[in-house]
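Visitor: here is my input; please provide its structure:
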Amino acid sequence: MTASMGAGAVSVPTGREIIARLERLEVWSLSYLFIGIIGLGFLFTFYDIFDINVSFIQTCVQLNKGCTPESALGALPLPVLLNLAGYVVGTLVLSPIADRIGRRNMLMVTMLITGLGSLYNAFVGDYANFNIARTITGIGIGADLAIVNTYVNEVAPRPARAKFTTIIFIMSALGAFVGIWLGLILTTPATPWPLGLPFAAAGPNFESGWRWMYGVGAILAVIAVLLRFELPESPRWLIGQHRFEQADSVVRSMEQRAAKHGALAEPRLADVYGAVTPASPVPYRDLFSRPLYVRRIVLLFFIWFIGYITVYSFAAGFTVVLSALQYPPPEAGVIAAVGTLGFVAEAAIMSAIVEKLERRHWLPIAAGVTILGSIVVSIAGTSVWLSFLGAILIFAGFNLWVSPTYALTAECFPTRARTTGFALVDGVGHIGGGIGVMVIAPILPQLSVFWALGLISVFLVIAAVLVQFTPHTRNRHLDHISP
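Guide: Okay, here's the model as predicted:
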């Protein structure tokens, strides 16, 4: 059952044998340090997504002539849309390269691009360059999201792919937490708690806090790039390239770690089929020539496109939305900042329970929690503490579905084109967030808080219906789901 390499040469296991050995592993079998390394990249990615939430009011007032805190909502859609347009460009151009040259190599390239975009943001002199910098940052982030989720899906144990995607997603929650709270400290004026932060630093003598925000992001990106050199390549990708010796070496190391947790089961070659299909020279053609994957692309695209309308309206614009609804900017910023506690708590809890349900069942729960939070905020009135509770529920809800749907999306495409497939649906789907903000934002000031937040939340309900038509993937072999 091994591939001969010639007389006297060391025999190398076949791709089927290596996959069978990989499939029997039931625990995380790489260094736990790698979870932190991958997670740091996610921390920066979500720091960048959320840092505009509080800080944009100060950015807009300083760079965009005539902008006020109350009118900033009208200017928000452009940088959000361009940032997400960058996602589309980056993910469509860079992600397929990861299917050709490897996950690990492209993980460093995408984080480098993202860091350079954030550094550019820190030094821009006008609003036009601010938007250009947001586009560059989006190019890196869009591809990075696709490649990270593909990588985790391919190295995590079969019974816990969504679990480890969610564990790493905890770092995303921390990135959002840091992004919003740092924005609150650096870009809002000192205001008595709970309507603001008494130690906030913004004022007539310090109006460049938003620049510091992006500078911190660039530093995080540099650290993430350097640490990613330590990551091994995905053995599934190596097999698709017929680099069996390298794949065998990675899996052998994983087996040694897994054996410390108990005896390993025997590899089951009978369960392995389609696992060693050579990588496609043109991943897009490989996907669009198969009706199965065309159907999945269309369905998953609409799930992400519609779901991201809710996600980005809250993630990038919650503070600005509240300001447009007559909340004082410091109070709006505090409500958004407290809301991130819900994101962190949700990610921690979900890492323990995400494998209890099929991936597609989490999105309806997420929609319900988001709508509940929107109702609480709308009835809070002058009770800032009730607003805090509602914001916590909103941030928990609109993020609750993301990590299991990340796992589902990666599982729905074959190894030879997995990053490309993820990029097509999640990356291009991000444009829904920008369009949603652009179409919905002008309407919100004309609505009550109840109807404004309800309008934003309802899109998750639509996505929750669509996701029920996706395949069962939990604890199934990747190559059985996507041959």
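Visitor: tell me which residue is most central in the chain.
Guide: Ranked by distance to the mean C-alpha position of the chain (C-alpha atoms, centre = their mean), the top residue is residue 145 at 5.4 Å.
Visitor: now stretch 59-67: average pLDDT?
Guide: When pLDDT is averaged along stretch 59-67, the result is 91.
Visitor: chain center to that stretch, what's the gap?
Guide: On the basis of C-alpha atoms, centre = their mean, to the nearest Å, the separation between the geometric centre of stretch 59-67 and that of its chain is 29 Å.
Visitor: pull out the buried residues from that stretch.
Guide: When neighbours are counted by 16 or more other C-beta atoms under 10 Å, the buried residues of stretch 59-67 are found to be 59, 60, 61, 62, 63, 64, 67. (C-beta placed from N, C-alpha, C; glycine too.)
Visitor: for stretch 156-169, the averaged confidence score.
Guide: Across stretch 156-169, the per-residue pLDDT values average to 95.
Visitor: in it, what counts as buried?
Guide: By neighbour count on 16+ other C-beta under 10 Å, the buried set for stretch 156-169 is 156, 157, 160, 161, 162, 163, 164, 165, 166, 167, 168, 169.
Visitor: need the next SSE after the longest helix along the chain, C-terminal direction.
Guide: Selection of the longest helix in the chain by residue count, based on DSSP state H, yields helix 32-63. Downstream of helix 32-63, the first helix or strand assigned by DSSP states H and E is helix 72-75.
Visitor: next secondary structure after that following helix?
Guide: The element immediately downstream of helix 72-75 (helix or strand, assigned by DSSP H and E) is helix 77-101.
Visitor: tell me what that following helix is packed against?
Guide: If contacts are counted by 3 or more C-beta pairs under 8 Å, 6 or more residues apart in numbering; DSSP states H and E, helix 77-101 sits against helix 32-63, helix 103-123, helix 127-155, helix 283-288, helix 418-422, helix 428-429, helix 431-440.
Visitor: between those helices, which one is closest to residue 304.
Guide: Between residue 304 and these, the tightest spacing by C-beta to C-beta is seen for helix 428-429, at 2.9 Å.
Visitor: gap between that closest one and the chain center?
Guide: Going by C-alpha atoms, centre = their mean, where helix 428-429 is centred and where its chain is centred differ by 13 Å.
Visitor: so where is this structure shaky, pLDDT-wise?
Guide: Scanning the chain for pLDDT under 70 picks out the ranges 1-10, 273-280, 316, 441.
Visitor: shouldn't residue 475 be within a helix?
Guide: No - the assignment for residue 475 is coil, going by DSSP: H, G, I helix; E, B strand; the rest coil, so no helix is present there.
Visitor: what distance do you get for it to residue 262?
Guide: Applying C-beta to C-beta, to the nearest Å, one obtains 18 Å for the distance of residue 475 from residue 262.
Visitor: okay, these two: which has more neighbours?
Guide: Neighbour totals were compared for residue 475 and residue 262, and residue 475 leads with 13 against 9 (other C-beta atoms under 10 Å).
Visitor: residue contacts, that one?
Guide: 158, 159, 355 (C-beta atoms under 8 Å, 6 or more residues apart in numbering).
Visitor: those residues in strands, which ones?
Guide: Members of the contacts of residue 475 lying in strands (criterion: DSSP state E): none.
Visitor: got TSV for those residues, with distance to residue 460 too?
Guide: Formatted as TSV, the entries for the contacts of residue 475 read as follows, by distance: C-beta to C-beta, whole Å:
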residue	distance to residue 460
158	29
159	28
355	22
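Visitor: nearest to residue 329, of the residues you listed?
Guide: residue 355 (41.1 Å).
Visitor: could you pull out the strands for the stretch 351-483 of the chain?
Guide: Shown for the stretch 351-483 of the chain, no strands are assigned by DSSP state E, counting those that start in this stretch.
Visitor: which parts of it are helices?
Guide: Counting by DSSP state H, counting those that start in this stretch, one finds helices in the stretch 351-483 of the chain at the ranges 362-380, 384-400, 402-411, 418-422, 428-429, 431-440, 449-466, 478-481.
Visitor: point out the most buried one among those.
Guide: Mean neighbour count (mean count of other C-beta atoms under 10 Å) peaks for helix 418-422 among the helices of the stretch 351-483 of the chain, with a mean of 30.
Visitor: can I get it in CSV, CA atoms only?
Guide: This file holds the C-alpha atoms of helix 418-422, laid out as CSV (Å, rounded to 0.1, in the frame of the first residue of the first chain):
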residue,chain,number,x,y,z
ARG,A,418,-11.6,24.9,-1.3
THR,A,419,-10.1,28.3,-0.9
THR,A,420,-11.5,29.5,-4.2
GLY,A,421,-15.0,28.2,-3.3
PHE,A,422,-14.9,29.9,0.1
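Visitor: name the helices or strands packed onto that helix?
Guide: By 3+ C-beta pairs under 8 Å, 6+ apart, helix 418-422 packs against helix 77-101, helix 127-155, helix 283-288, helix 291-315, helix 402-411.
Visitor: and if we set it to 7 Å?
Guide: Judged by 3 or more C-beta pairs under 7 Å, 6 or more residues apart in numbering; DSSP states H and E, the packing partners of helix 418-422 are helix 77-101, helix 127-155, helix 283-288, helix 402-411.
Visitor: between the ones you listed, which one is nearest to residue 439?
Guide: Residue 439 lies closest to helix 77-101 among the helices and strands packed on helix 418-422, at 8.4 Å (C-beta to C-beta).
Visitor: quick one: contacts of that closest one?
Guide: Outside helix 77-101, the residues within contact range by C-beta atoms under 7 Å, 6 or more residues apart in numbering are 52, 106, 110, 130-131, 134-143, 146-147, 279, 283-284, 312, 316, 416-417, 419-420, 423, 427-428, 430-431, 433-434, 437-438, 441.
Visitor: next: stretch 372-392.
Guide: Stretch 372-392 is touched from outside by 194-195, 331, 335-336, 338-339, 341-342, 393-394, 397, 449-450, 453-454, 457, with contacts defined as C-beta under 7 Å, 6+ apart.
Visitor: and the gap between residue 63 and residue 85?
Guide: In this view, residue 63 and residue 85 are 19 Å apart by C-beta to C-beta.
Visitor: also residue 249?
Guide: For residue 249, the distance to residue 85 (C-beta to C-beta) stands at 40 Å.
Visitor: these two: which is more packed in?
Guide: More neighbours sit around residue 85 than around the other of residue 249 and residue 85, counting by other C-beta under 10 Å; the figures are 18 against 15.
Visitor: for stretch 193-203, buried residues please.
Guide: Along stretch 193-203, these residues count as buried under the neighbour rule (16+ other C-beta under 10 Å): 195, 196, 197, 200, 201, 202.
Visitor: my read: the fifth one touches residue 187, true?
Guide: No - at 8.4 Å, residue 201 and residue 187 do not qualify as touching, with contact defined as C-beta atoms under 7 Å.
Visitor: joint contacts of these two?
Guide: Here residue 201 and residue 187 have residue 209 as joint contacts, going by C-beta under 7 Å, 6+ apart.
Visitor: returning to what we had before: tell me which two in the buried residues of stretch 156-169 are the farthest apart.
Guide: The widest separation within the buried residues of stretch 156-169 (C-beta to C-beta) is 16.9 Å, between 157 and 169.
Visitor: residue 256: how many residues sit nearby?
Guide: Residue 256 sits with 10 neighbouring residues when counted by other C-beta under 10 Å.
Visitor: restrict the strand or helix carrying it to CA atoms and write it as CSV.
Guide: Applying DSSP H and E as the criterion places residue 256 in helix 244-259. C-alpha atoms of helix 244-259 as CSV (Å, rounded to 0.1, in the frame of the first residue of the first chain):
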residue,chain,number,x,y,z
PHE,A,244,3.5,12.9,-0.4
GLU,A,245,6.8,13.0,1.6
GLN,A,246,6.0,16.4,3.0
ALA,A,247,2.4,15.5,3.8
ASP,A,248,3.6,12.3,5.5
SER,A,249,6.0,14.3,7.6
VAL,A,250,3.3,16.7,8.8
VAL,A,251,0.8,14.0,9.5
ARG,A,252,3.4,11.9,11.3
SER,A,253,4.1,14.9,13.6
MET,A,254,0.3,15.2,14.2
GLU,A,255,0.0,11.5,15.0
GLN,A,256,2.8,11.8,17.7
ARG,A,257,0.9,14.6,19.4
ALA,A,258,-2.5,12.8,19.1
ALA,A,259,-1.0,9.6,20.6
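Visitor: kind regards, and thank you for your time.
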